[in-house]
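Student: Just to be clear, the model below is a prediction. Sequence and coordinates:
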Amino acid sequence: HEQSFRNVTLNGLECKSMEEVMIANFLYLHQVEFEYESFYPMDAADRNPDFGHYQPDFYLPDFALYHEHYGIDENGNVPDYFGFKPPFRSATEQYQSGMQWKTTIHEKYQTRLIKTYSFQNRKGTLLKAFKIQLEENGVALNKRPPGEILSMVKRLDDYEDFMGLVYTFLNLMKSNNASVEQLKAKATDQRFKVFLGVFAPLYQAYQMELTRTKSIDYNDMVNLATSHILSGEFRKTYKYILVDEFQDMSLGRYDLLKALKSANPDAKLYAVGDDWQSIFRFTGSDISIITEFSKHLGITAENGVLQTYRFNDEILNLSSGFIQRNPAQLKKRLSSPYQAKRSSFELVPINTFGNKANRTLQKFDALNSLIRKIAMNYPKATIFLIGRYHHNAPPDLRELQKNYPSNRIAYHTAHACKGLTCDVSILLD
């Protein structure tokens, strides 16, 4: 997940870590011009073969000030995934040696260097410590106008994804009949508190627009309908209540169903659903309502449909085993009438190296080779390339589509391809 996630700043700069993004955003928001990983001017004789060309994390040209952000903990150790090479005996030893060499270089060339550390971020003091050092070195901090910031934010690849998150959260909150105030009172996670700070004025504006246009949204319909039934304003007799896709039942819709049952105690409730297909938690669905059906709705007769016609036995066995690792899922033993004629899965490892352009080319070559193999066996196959985010789409997708005109090749996010059908799928990143 971390490898597939792009660390992009508000002004579109791609950094190597999220902590560097925080620092770059702080500088941008305070109108401080900076260069990211620009080459440090030094004599060839002073270069260190163990560390290559020296490119400090940040350089502030208006103040002739360098900044290094070091990924160490309080004890000076680096994360376990950091690599090292001889003559060093550990990643920490190599990293510490690099830190000392950089300090020596700045002392020799009499250039100013400030430093921050990863452990400061874990303590929540990174930006505070950074700000203090900037001010001590005469850096003027002037907040950038909000309109200018918003204009820049809207150009980012993640803007639409963030607005999707806001929309999802809005649905979740309203479908559970909750309020921003209730959530703020319960919030303990700092990121969630920050998100609520952004979400609250958006939600207020949304509700004001509904009021202005004399409108209600879908969740309002459900919640208001429940209130009308419970208050006796809506009286209607039902013999049967039928609910399809019951695994997607949210708390708000569950309250509506309970209200209907309370108003019609003799009505028979017939529900159809599959907890293994419960993928709409982001819209408010609560899987416990179907897995604990009797607990919620009383004595129940249950009939299982245990044969699937969607895929062969090999795919069924793997997907069933994966799903049932979740202890919240109901245990089932499904069967398929289709037998796999050849292996349904293939793990294709890719070793990439070099700069970003080289890694992208290596991924394309591997993907092209894989699709060529598929096209030979299935010349008319529909092939889905599936990734986590929109930006995980191969940059040369059109080239692949041109290379194999007989095949239908398309990229989808994992969420967007729900309900679609293909002959072969390739999971990326």
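Tutor: Received the coordinates, thanks.
Student: so what's I409 up against?
Tutor: I409 makes contact with I371, I383, L385, L397, L400, Q401, according to CB atoms under 8 Å, 6 or more residues apart in numbering. Where C-beta positions appear, they are placed from N, C-alpha and C, glycine not excepted.
Student: Apart from its chain neighbours, what residue comes closest to the last one?
Tutor: Read it as Q401. Closest residue in space to Q401, ignoring its immediate chain neighbours: I409 at 5.0 Å, by CB to CB, 6 or more residues apart in numbering.
Student: Show the pLDDT at the one you found.
Tutor: On pLDDT, I409 comes in at 96.
Student: Assign it to helix, strand or coil.
Tutor: What DSSP: H, G, I helix; E, B strand; the rest coil gives for I409 is strand.
Student: lowest-pLDDT helix or strand in this structure?
Tutor: Of all helical and strand segments in the chain, the minimum by mean pLDDT, DSSP states H and E falls on helix 288-291, at a mean of 85.
Student: How far off centre is that one?
Tutor: Helix 288-291 sits 26 Å away from the centroid of its parent chain (CA atoms, centre = their mean, to the nearest Å).
Student: Who are the packing partners of the helix or strand just after it?
Tutor: Going down the chain from helix 288-291, the next helix or strand is helix 293-297, by DSSP states H and E. Contacts defined by 3 or more CB pairs under 8 Å, 6 or more residues apart in numbering; DSSP states H and E place helix 293-297 against helix 251-263.
Student: got the CA positions of the helix it packs on in PDB?
Tutor: The C-alpha coordinates for helix 251-263 follow below in PDB (Å, rounded to 0.1, in the frame of the first residue of the first chain):
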ATOM      1  CA  LEU A 251     -28.400   1.200  11.000                       C
ATOM      2  CA  GLY A 252     -30.700   3.900   9.600                       C
ATOM      3  CA  ARG A 253     -32.500   1.400   7.300                       C
ATOM      4  CA  TYR A 254     -32.500  -1.100  10.200                       C
ATOM      5  CA  ASP A 255     -34.300   1.400  12.400                       C
ATOM      6  CA  LEU A 256     -36.800   1.900   9.500                       C
ATOM      7  CA  LEU A 257     -37.400  -1.800   9.300                       C
ATOM      8  CA  LYS A 258     -37.800  -2.100  13.100                       C
ATOM      9  CA  ALA A 259     -40.400   0.700  13.000                       C
ATOM     10  CA  LEU A 260     -42.300  -1.100  10.200                       C
ATOM     11  CA  LYS A 261     -42.300  -4.300  12.200                       C
ATOM     12  CA  SER A 262     -43.300  -2.500  15.400                       C
ATOM     13  CA  ALA A 263     -46.300  -1.000  13.600                       C
END
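Student: next structured bit after it?
Tutor: Using DSSP H and E, the next helix or strand after helix 251-263 towards the C-terminus is strand 268-271.
Student: residues touching I72, list them.
Tutor: V78, T92, Y95, Q96, Y117, S118, F119.
Student: Hmm, L269 is touching V243, no?
Tutor: Yes - contact status for L269 versus V243: in contact at 7.2 Å, counting by CB atoms under 8 Å.
Student: thinking again about what came up before, pull out the buried positions in the least confident helix or strand of the chain.
Tutor: Buried residues in helix 288-291, counted by 16 or more other CB atoms under 10 Å: I289, I290, T291.
Student: Against A200, how distant is V180?
Tutor: When distance is defined by CB to CB, to the nearest Å, V180 is 5 Å away from A200.
Student: ok, now R342?
Tutor: Counting by CB to CB - R342 and A200 are separated by 54 Å.
Student: Could you do Q110 as well?
Tutor: Counting by CB to CB, the gap from Q110 to A200 is 49 Å.
Student: Between these two, which is the more surrounded one?
Tutor: Legend: neighbour count by other CB atoms under 10 Å for Q110 and A200, higher for A200 (14 against 6).
Student: now what about the least confident helix or strand of the chain, what contacts it?
Tutor: 246-247, 249, 251, 254, 271, 273, 275, 278, 296, 328-330.
Student: can you check stretch 338-349 too?
Tutor: Contacts to stretch 338-349, defined as CB under 8 Å, 6+ apart, come from residues Y309, F311, N312, D313, E314, I315, L318, A366, L370.
Student: Any chance of a PyMOL selection covering the buried ones in those?
Tutor: Buried residues within the contacts of stretch 338-349, by 16+ other CB under 10 Å, are selected in PyMOL with:
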select buried, resi 312+313+314+315+370
